[in-house]
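In: Generate coordinates for the sequence data below:
(2 chains)
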Number of protein chains: 2
Amino acid sequence: MVDRYATFANSAAGKALVKRLGLPAPTTLRRHSPGDPLVTGPVLVDAAPGGRLAPVVRKLLGEAGVPLRDPVAAAVEAGASERPGRLAALIFDATGATASDQLRTLYDFFHAQARTLLPSGRVIVLGTAPENCAAPREAIAQRALEGLVRSIGKEFGRGSTAQLVYAAPDAPLESTLRFLLSGRSAYVSGQVIRIGSPVSAAPATTRPPAAAPSATGPATETEPAAGAESPVDWEKPLAGKVALVTGAAQGIGAAIARVLARDGARVIALDVPAAGEPLAALANEIRGEALQLDVTATDAPERLAGYLRDRHGRVDVVVHNAGITRDKTLGRMTAEQWDSVLDVNLTSQERINDAILELLPAGGRLIQVSSMNGIAGNRGQANYATSKAGVIGLVQVLAPTLAARGVTVNAVAPGFIETPMTARMPVPLREASRRLNSLSQGGLPIDVAETIAWFAAPGSSGVTGNVVRVCGQSLIGA
Amino acid sequence: MVDRYATFANSAAGKALVKRLGLPAPTTLRRHSPGDPLVTGPVLVDAAPGGRLAPVVRKLLGEAGVPLRDPVAAAVEAGASERPGRLAALIFDATGATASDQLRTLYDFFHAQARTLLPSGRVIVLGTAPENCAAPREAIAQRALEGLVRSIGKEFGRGSTAQLVYAAPDAPLESTLRFLLSGRSAYVSGQVIRIGSPVSAAPATTRPPAAAPSATGPATETEPAAGAESPVDWEKPLAGKVALVTGAAQGIGAAIARVLARDGARVIALDVPAAGEPLAALANEIRGEALQLDVTATDAPERLAGYLRDRHGRVDVVVHNAGITRDKTLGRMTAEQWDSVLDVNLTSQERINDAILELLPAGGRLIQVSSMNGIAGNRGQANYATSKAGVIGLVQVLAPTLAARGVTVNAVAPGFIETPMTARMPVPLREASRRLNSLSQGGLPIDVAETIAWFAAPGSSGVTGNVVRVCGQSLIGA
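Out: Coordinates of the predicted model:
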């Protein structure tokens, strides 16, 4: 699915017309193709004094072959009168900012570097989750970063994105940094991501409390386990894994199945019998398995668990993508419209989880699809918004339980994505929805799929309990 | 400050023109005047089977003289073909919904009652905070309520509002129900409010854990302490209290000072010496005290603490309202613009809190002013958004500490409020900002002030750690 407006607006004739009419001219976003380098230019990593993450990040990126800019030289160059050099990403380690007056170091950095990013540039601010800060002043300063990062996301433009990553002392960073720097996160912006200690099923291992103040100072803190679960091949992180994707026959579900297969997984593509034909074609294309099943059927959990147990003895990645809409305002909505949306989008997933979570081994991944409208509510979608808000609850309530078994659970919350469904929206509403975000365009199904692939990756063992919007930093919120 | 568009659109000629042009026709919101009844019509209270709060709410409203509709008669009437009777509020106790398939009871209720509300009607859904639910299924169902309530806020129209109130078993409800039902909450919609056990400084009292599953079933749970700290006179809940309001000379600050004085408090109106004249006039008007002080001065905390100690020996309510904007994109922002906004809006408040929190007795109230833009970020307001995001951090980090001393801390986050500041915005931006919310209009300073007065009230002893937007359920979110 292509955004025809974006294609037009970026043609030679389109550019002239769009400029003359004052229409938004969205940047064509950099997206990932297999074999692409992580970034398209040098990366600048700087830190507030005392930051604990910058050295780790520099080492990690250096080993990944990413060209690093020298902070001192970059500051001098940015201060010069001429147009400064072009950078692919700005990474700032703000963990050293332990009081609000120390946030000035972030102003200094981003003020100087505000115009240095290449198109589809990346801003990543690293911090300590406020709930893990030892001192109130530090928690306040770290919480303040949200306002800064979301403002940067709205300011920098030209397809650039900005994220805040709160990382525990021993958080595995590489998987998330790779996702955020690459074209895989093209449509993810303005997000706050928490990376904790790697989840682990080993009962003998004591996980250090993330907030524990170190008696001997930050210098002796546990070194982040950056490469702890790094795969050999970052292009095939899911090699050897079995992944289940529901609602896989078309749209976002098909994109998820393709991306997980691209990343090396054996994909079981599940959809209703009525979608048997496109489902079989997809399974064939990705050399996966097609499984026809109505997830709302009474025996679906049992049949699905049986299939997974008999064929594979386990399932490593479960993506609950199946979802429907039956839009009506509450006064006009039928009970059947309420029931069917709640059952497909939420209740059936709870039943299935009860049956198959035991088949997820340590290292397993449960991934749910929520929605921007599950966060903000929506006129005419009370059923859908309720179901998708419940999905967020599911992530939050299961995260601690599953972490103890070495399994993560996260959700994506897509905003406006170009699909056959959104193509049928009334034109004014569709165009407004497309434009009301920091990237001035809709996202593509692959953007949702790439975010899910990041959750699924073995290196994302510290990423659990997150709800990440894939919405181009849509204006629409809570 | 009056919204001229709203006044025009509600005039006879304006109504016709607005309708013909397809412009939004905002409802004139019901706002509270002293002596007004709580509601303008009957209230319907219903519950999912097993709900623990409906009986308490019915008793409480009955004692407050609120006319209650019989649920069975209301359901029959709503089902009749004619236009059903007009209700001032719909209150639904959803605490009995312990699994997502039980949310159907909410559909049944709101489907039937979707068109029964009077203008400026109220929807209040009561639930159990997901983090306090014993079972995962229950937590998921309760979390799903957010999507429903926010959708209702966007659907019901005609000045009606919708809120979700998560209440602990012994949560004092009356203060919050009165606020939400009355015209005091005119511009508050789509909010999720948590009411816990009353905060208490008494070391001998054991506070029951909110999530503790009762071995003998819900029937024997602690009865909510609905009237525990009810004042004798709900029109003067702050009688005998000393309240400090910073930035009080004009705009929202002056409205806060007036409302707290109206509610019976002795108000210390603080502002910079340059605002001495309007400050004195205001203090005179509300029979309060004018205190000229620059909150960012090095000796401000000490001087302020000294003033409060010497004159009153304490301060019961502290409202940090002082705030400034210095809007520029980061690349054009000066260091002085960053520093001054951070210092006035956040760091100076931290310093002052350190000096005066010890003067807050049990029953004390710390109230901060955040901003919608502190939640969502804003282009050209990186400094402001950072400071106001920090304010949210301040509330979250101080809430547990202060609760142990019997003090609450909360924040309001205003959206578009009609003030001299917003009157100076460029017209297209101002009009868009005014309309992009469920009430299709800007709020008034008094709407912010009323929300603060609700936090300040003695009956709000279970309300802490909340950030409540006063934004008409603005579209603009995270």
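
In: For burial, what's the neighbour tally of residue A:427?
Out: 7 (other CB atoms under 10 Å in any protein chain shown). The way it works is simple: take the backbone N, C-alpha and C, and place the C-beta from them, glycine included.

In: which one is whatever residue of chain A ends up closest to chain B nearest to, not counting chain neighbours?
Out: Closest residue of chain A to chain B, CB to the nearest CB: residue A:477 (0.9 Å). What sits nearest to residue A:477 in space, not counting adjacent residues and going by CB to CB, 6 or more residues apart in numbering or on different chains, is residue B:477, at 0.9 Å.

In: who touches the one you found in this structure?
Out: Residue B:477 is in contact with A:375, A:376, A:475, A:476, A:477, A:478, B:375, B:376, counting by CB atoms under 8 Å, 6 or more residues apart in numbering or on different chains.

In: mind checking the longest helix of chain A?
Out: Identified as the longest helix of chain A according to DSSP state H is helix A:382-403.

In: Buried ones in it, by neighbour count?
Out: Buried residues in helix A:382-403, counted by 16 or more other CB atoms under 10 Å in any protein chain shown: A:382-399, A:402-403.

In: and that helix, C-alpha only, in PDB?
Out: Taking Å, rounded to 0.1, in the frame of the first residue of the first chain, the C-alpha atoms of helix A:382-403 are listed here in PDB:
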ATOM      1  CA  ALA A 382     -16.400   2.600  21.600                       C
ATOM      2  CA  ASN A 383     -16.200  -1.200  21.100                       C
ATOM      3  CA  TYR A 384     -12.900  -1.100  19.300                       C
ATOM      4  CA  ALA A 385     -11.300   1.400  21.800                       C
ATOM      5  CA  THR A 386     -12.500  -0.600  24.700                       C
ATOM      6  CA  SER A 387     -11.000  -3.800  23.300                       C
ATOM      7  CA  LYS A 388      -7.700  -2.100  22.500                       C
ATOM      8  CA  ALA A 389      -7.500  -0.400  25.900                       C
ATOM      9  CA  GLY A 390      -8.000  -3.800  27.400                       C
ATOM     10  CA  VAL A 391      -5.000  -5.100  25.300                       C
ATOM     11  CA  ILE A 392      -2.800  -2.500  27.100                       C
ATOM     12  CA  GLY A 393      -4.100  -3.800  30.400                       C
ATOM     13  CA  LEU A 394      -3.200  -7.300  29.300                       C
ATOM     14  CA  VAL A 395       0.400  -6.200  28.600                       C
ATOM     15  CA  GLN A 396       0.700  -4.400  31.900                       C
ATOM     16  CA  VAL A 397      -0.700  -7.200  34.000                       C
ATOM     17  CA  LEU A 398       1.100 -10.100  32.300                       C
ATOM     18  CA  ALA A 399       4.600  -8.400  32.100                       C
ATOM     19  CA  PRO A 400       5.800  -9.200  35.700                       C
ATOM     20  CA  THR A 401       4.400 -12.800  35.600                       C
ATOM     21  CA  LEU A 402       5.900 -13.600  32.200                       C
ATOM     22  CA  ALA A 403       9.200 -11.900  33.100                       C
END
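
In: want to throw the contacts of residue B:477 into JSON lines with secondary structure?
Out: Formatted as JSON lines, these follow (DSSP: H, G, I helix; E, B strand; the rest coil):
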{"residue": "A:375", "secondary structure": "helix"}
{"residue": "A:376", "secondary structure": "helix"}
{"residue": "A:475", "secondary structure": "coil"}
{"residue": "A:476", "secondary structure": "strand"}
{"residue": "A:477", "secondary structure": "coil"}
{"residue": "A:478", "secondary structure": "coil"}
{"residue": "B:375", "secondary structure": "helix"}
{"residue": "B:376", "secondary structure": "helix"}
